[in-house]
Each structure stands twice: as structure tokens, then as C-alpha cells.
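**Student:** model this:
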Amino acid sequence: MEALSPACDTRFIFGLLLRPKPFRVEVKNGKIVSIVKEEERLWSSKLGQVIDYGDAVVMPGLIDVHAHLDDPGRTEWEGFPSGTKAAAAGGITTLVDMPLNSFPSTVSRDTLKLKIKSAENRIHVDVGFWGGLVPENAFNHSALEDLLNAGALGLKSFMCPSGIDDFPMTNISHIKEGLSILAKFRRPLLVHSEIQKDLESPLGLEEDGANDPRSYSTYLKTRPPSMEEAAIRELLTVSKDTRIGGPLVGAHLHIVHLSDSSSSLNLIKEAKRGGDSLTVETCPHYLAFSAEEIKDGDTRFKCAPPIRDAVNREKLWEAVMEGHIDMLSSDHSPTEPKLKLLEEGNFLKAWGGISSLQFVLPVTWSYGRKYGVTLEQLALWWSERPAKLAGQELKGSIAVGNYADIVVWEPEVEFNLNDEYPVYLKHPGISAYMGSKLYGRVSATFVRGNLVYKEKNHATAACGVPILAI
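**Tutor:** Now for the predicted structure:
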């Protein structure tokens, strides 16, 4: 097991020392078959090898439920091979790919089949797929059912323009129709929750002295917190129907990449207290960065919703620590460097999206240390709750019967993200994290018992499998 296997073979039997707790994990046929105290010498079967990573932490592999891998159709932006190699190097063992930024967008049975075919034998971690809820399929119940029967883990929609021509925005009527179908399948609807209101020119401002397009504050004006609040307020008019006894019971609403920690978060908290079937995520870039720190022209930091001020960041951390925000996701949204307009530095015209997939574990840990983040919380935010959202009962925790999806990492090891550090994303230079100093180096990643990454090396074979809802 010292050298990475060139083949995928889940029949391999091995034991792994589990820390921070003194236990050993026995893996056979890709699953965890026993967990015993370290001092116990009896094992349920003959082990091929016992692997000891010393003082490193052994945790369930991360599950990222919000990533854009852009495959097929826009592989010049990312692609399954580079994206999943980056995921493996970051301790992510399962990704759920978004239905847009690939081409065509995943809005039908046929387009989902295209995506599955593109993923086969090209993914280094397991990958599931969200389908798209768009106006053309929202009222076509048979089309939505076909998409879900083909294996989509749930649906995703936008309440504002997505920037992708074949993925138009939905209104609350489309969303309610989608939830009525999802209720039958007991799968979630993920929503980009922004509505353009109260702005005469929502996506652009006059480029005068007060609104320099190279200034991040200019972009920030185009997407105020009121856009998130307005969208969430509308969503909650239908989410109440997901309560026990309601007409949409069985459906679940998930708000992606929450940025506003004030009115929007308060609305979500109130809905949860009322019994709505509702969860919410935020992203490491909202917890790591603040608007005041973003330099003129540095369009690597452009995303939607935007990164807000330092006071907002502190309130987001408070909400995460107190459990009001359920989980974290990357919202890895790369593109070609030319579309980020790095030389021009125009925040109003540059493509939005933070490239982050490989870094989310060390970023969360590095910035969370001062708030007292624990290893158990990391596993909750990045493994257990995402697994539940995506309907993956055999993932998300180190437990007997679960897949052996495991990350081994060293929380105290410091490293610099620079040109010498191996980054497997297709375009590392567009990531806002490059140049950062972080803690928490990933040593090894196992997917279904296969060692897919170890110390700057990947297994030759792409051992990940497409995940389809049953």
C-alpha cells in the first residue's frame, strides 16, 4: 500500500489506525467491516496490511454538494479529470456536480445521460449529479420525473439570471411545481436565492468616478443583501408547505451559498423553528475573506452572491458555529483565465466564481481555528450533513457498513499556496486562495477503499464511480 495501485480493486483488505480516537478501522471489499479499540488484537479477518499514519487525523472523506466541473462541453474551464484530481488531493471523496456550466445543461434524461457517459472512467472520486429545474421543464411533470428516474439526486434552480443561456431563471411558480414532483421522490431542491429588485441597473453601474469598475465596492452595490432577502422571503411562502401534514411534505428546500448573515439568515431561522423542511449552506470564501480586503482589479474574488464586509463574515461564523447554517460547500466555479479579465480588472464584466475545490478543508480549518472549530464539527459540516442532503446513506461517517471513504490529514502542518505547491485544478492562477498560508495538509485519500491520492501522487486509474439515485 506504500505505492499507489494502478488499478481499482475494492477487494483489498487493510486496517487503518483511526485518530483522534484510538481505534482501528478494517476495510474489505470497499466497505468498513469493523471498528475496534486500538489495544484489541483480534480482527474479524486476516488483514493484508495495517496502515499507521502516526499523529495524522483520520476522518470521513469530505462530500461537496456544490461544484461546477463543466463537463461535458466546457472542459476548457475545468473537466472531470482535473476537477476530481483536485478533489482527491483536498480530501474530498464525493462531489455532486451542478447542472449548469457544462454544455448542454443537465435538464432532461438525455442530458443527464450525456453527463454520466462523460464521467465514466474519468473521475478520481465519486460524482453524483443534480438536475436542473428551468421554465421549460417545470410544468412538464413527466420530463421532471424522467430526469429524477434517470438518477438525478435532486434539482437546482436560479431565481436570478444564471449567466448561462440554456439555464434560465425560475420564478416561485416554477419552484412550487418542482417541489410537488420532488415530494414524491423525497429529494431536495437547491436554490440560488437572489432576486433583482430595487436597482434600476441590477447588473451594472455607470462607470464614473464614484463607480470605478475596478473597485470591488462598485460590484458589491449591484448585489446588495436585499436581493438574497427578497428571494428567501418568496421561497418561504412555499417552504411552509413542506411541514408535516402540508401539501408538499416529502420535499426539501436547500438554500445554496448564503452570503447575507442578517435579514436573510433571520428569515431562515424563523422558518426552521416553524418546521419547514429547510437547510442552508455557506462557502469557505464567505468565511475566509471580507470585502474590505479585496484589492482593486482582483477579479479572482468575484462571485455571486458577493463576499460582504468583515462584520457580515463574523456573523456567518457565529451562525455556522451555532448550527443555524447546516453545512459548507465549495461552490467551485472556475472558468478560463481570459473570462476573469485579470489584466483589465473589471468587476462588472468579469466572469463570477471562486475556484476552490482543492483547498476547502485547510481553508475551513485555518480560518476556523480562532473560533474553536473542532474535528467533529468539520465532519458534520463537510461529511455527515452533505451525505444526508444528497441521499447517500453509506457515506458521510466512519461506520460499519459504510463505504471506506476516508481522508488522512495533518492539522498542524503549515504550507503556502504558491507556484511550487502542486495544484491540480485546470487553472490554478484564477483561484483567490493562491498566495495564502494555510494549515492542514492532506496526506491520503481513500474512495471505497481505493487509495486514490497519497503525498502529491494520484492513482493511475480513475477509481471514482458515478452516483445515481435509485
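**Student:** would you say Lys156 is within a helix?
**Tutor:** No. Assigned with DSSP: H, G, I helix; E, B strand; the rest coil, Lys156 falls outside any helix and is strand.
**Student:** roughly how far is whichever strand or helix holds Asp110 from the heart of the chain?
**Tutor:** Under the criterion of DSSP states H and E, Asp110 resides in helix 109-119. Offset of helix 109-119 from its chain centre (CA atoms, centre = their mean, to the nearest Å): 20 Å.
**Student:** what does that helix contact?
**Tutor:** Applying CB atoms under 8 Å, 6 or more residues apart in numbering, the contact partners of helix 109-119 are 71-72, 80, 97, 102, 104-106, 127, 129, 131, 143, 146-147, 149-152, 464, 466, 468. C-beta here means a position set from N, CA and C on the backbone, and glycine is covered the same way.
**Student:** go again using 10 Å as the cut-off
**Tutor:** 69, 71-73, 75, 79-80, 84, 97, 99, 102-106, 108, 126-132, 143-152, 166, 462, 464-468 (CB atoms under 10 Å, 6 or more residues apart in numbering).
**Student:** so what secondary structure elements neighbour the next helix or strand after it?
**Tutor:** Moving toward the C-terminus from helix 109-119, the next helix or strand (DSSP H and E) is strand 126-129. Packed against strand 126-129 by the contact rule (3 or more CB pairs under 10 Å, 6 or more residues apart in numbering; DSSP states H and E) you find strand 62-67, helix 80-89, strand 92-97, helix 109-119, strand 466-467.
**Student:** what is the mean pLDDT for the third one?
**Tutor:** Mean per-residue pLDDT for strand 92-97: 98.
**Student:** renumber starting at 48 from here on
**Tutor:** With 48 as the first residue, the last one maps to strand 139-144.
**Student:** now do that strand against helix 127-136, angle only.
**Tutor:** 140 degrees (axes from the mean of the first three to the mean of the last three CA atoms, to 10 degrees).
**Student:** quick one, strand 139-144 and helix 156-166 angle?
**Tutor:** Relative orientation of strand 139-144 versus helix 156-166 (the same axes, to 10 degrees): 150 degrees.
**Student:** how far out from the middle of the chain is the host helix or strand of Ala491?
**Tutor:** Element membership of Ala491 [criterion: DSSP H and E] is strand 484-494. With CA atoms, centre = their mean as the basis, strand 484-494 stands 17 Å off its chain's centre.
**Student:** what subset of the contacts of helix 156-166 is buried?
**Tutor:** 116, 118-120, 122, 126-127, 131, 144, 146, 149-153, 155, 173-179, 190-191, 193-195, 197-199, 509, 511-514 (16 or more other CB atoms under 10 Å).
**Student:** who's in contact with the closest residue to Ala338 other than its chain neighbours?
**Tutor:** Excluding the flanking residues, the one nearest Ala338 by CB to CB, 6 or more residues apart in numbering is Asp356, at 4.9 Å. Contact analysis of Asp356 by CB under 10 Å, 6+ apart lists Ser264, Leu267, Ser337, Ala338, Glu339, Glu340.
**Student:** low-scoring stretches of the stretch 248-397 of the chain, by residue?
**Tutor:** 248-257 (pLDDT under 70).
**Student:** for this protein, just list every one of the helices.
**Tutor:** Assigned by DSSP state H, the helices in the chain fall at 127-136, 156-166, 182-185, 188-196, 219-232, 263-269, 272-286, 310-320, 331-335, 357-369, 407-415, 422-426, 432-436.
**Student:** now those helices as CSV including distance to Leu464?
**Tutor:** As requested, the helices of the chain are arranged in CSV below (distance: least, CB to CB, whole Å):
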stretch, distance to Leu464
helix 127-136, 12
helix 156-166, 28
helix 182-185, 40
helix 188-196, 38
helix 219-232, 38
helix 263-269, 21
helix 272-286, 29
helix 310-320, 30
helix 331-335, 12
helix 357-369, 20
helix 407-415, 9
helix 422-426, 19
helix 432-436, 24
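**Student:** which stretch among these is buried most, on average?
**Tutor:** Highest mean neighbour count of these: helix 127-136, a mean of 28 (counted as mean count of other CB atoms under 10 Å).
**Student:** now do that helix: which elements does it pack against?
**Tutor:** Counting contacts by 3+ CB pairs under 10 Å, 6+ apart, helix 127-136 is packed against strand 109-114, strand 139-144, helix 156-166, strand 173-176, strand 484-494, strand 497-501, strand 504-505.
**Student:** how much space between Asp102 and Leu159?
**Tutor:** From Asp102 across to Leu159, the span is 44 Å (CB to CB, to the nearest Å).
**Student:** hmm, I typed the wrong one, I wanted Cys350.
**Tutor:** As judged by CB to CB, Cys350 and Leu159 stand 26 Å apart.
**Student:** quick revisit: nearest to Ile445, of the helices and strands packed on strand 173-176?
**Tutor:** For these, proximity to Ile445 was assessed by CB to CB; strand 139-144 is nearest, at 11.6 Å.
**Student:** can I get the contacts of Asp356 in JSON lines with distance to Ser227?
**Tutor:** Formatted as JSON lines, the contacts of Asp356 follow (distance: CB to CB, whole Å):
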{"residue": "Ser264", "distance to Ser227": "42"}
{"residue": "Leu267", "distance to Ser227": "37"}
{"residue": "Ser337", "distance to Ser227": "40"}
{"residue": "Ala338", "distance to Ser227": "39"}
{"residue": "Glu339", "distance to Ser227": "44"}
{"residue": "Glu340", "distance to Ser227": "44"}
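**Student:** just give me the closest of the residues you listed to Tyr414.
**Tutor:** Ranked by distance to Tyr414 (CB to CB), the contacts of Asp356 are led by Ser337 at 11.1 Å.
**Student:** pull the contacting residues for that closest one.
**Tutor:** Ser337 makes contact with Ile354, Arg355, Asp356, Ala357, Val358, Asn359, Arg360, Glu361, according to CB under 10 Å, 6+ apart.
**Student:** swap in 8 Å and give it another go.
**Tutor:** Ile354, Arg355, Asp356, Ala357, Asn359, Arg360.
**Student:** quick one: the second one and Glu340 touch, right?
**Tutor:** Just to be clear, that refers to Arg355. No. Counting by CB atoms under 8 Å, Arg355 sits too far from Glu340 to count as a contact (11.6 Å).
**Student:** more neighbours, these two?
**Tutor:** Between Arg355 and Glu340, counting by other CB atoms under 10 Å, Arg355 is the more crowded of the two (24 against 14).
**Student:** please report how far the more buried one lies from Lys349.
**Tutor:** Distance, Arg355 to Lys349, by CB to CB: 13 Å.
**Student:** ok, how many other residues are close to the nearest residue to Gly392 once chain neighbours are set aside?
**Tutor:** Excluding the flanking residues, the one nearest Gly392 by CB to CB, 6+ apart is Gly344, at 2.5 Å. For Gly344, the count of nearby residues is 19 (other CB under 10 Å).
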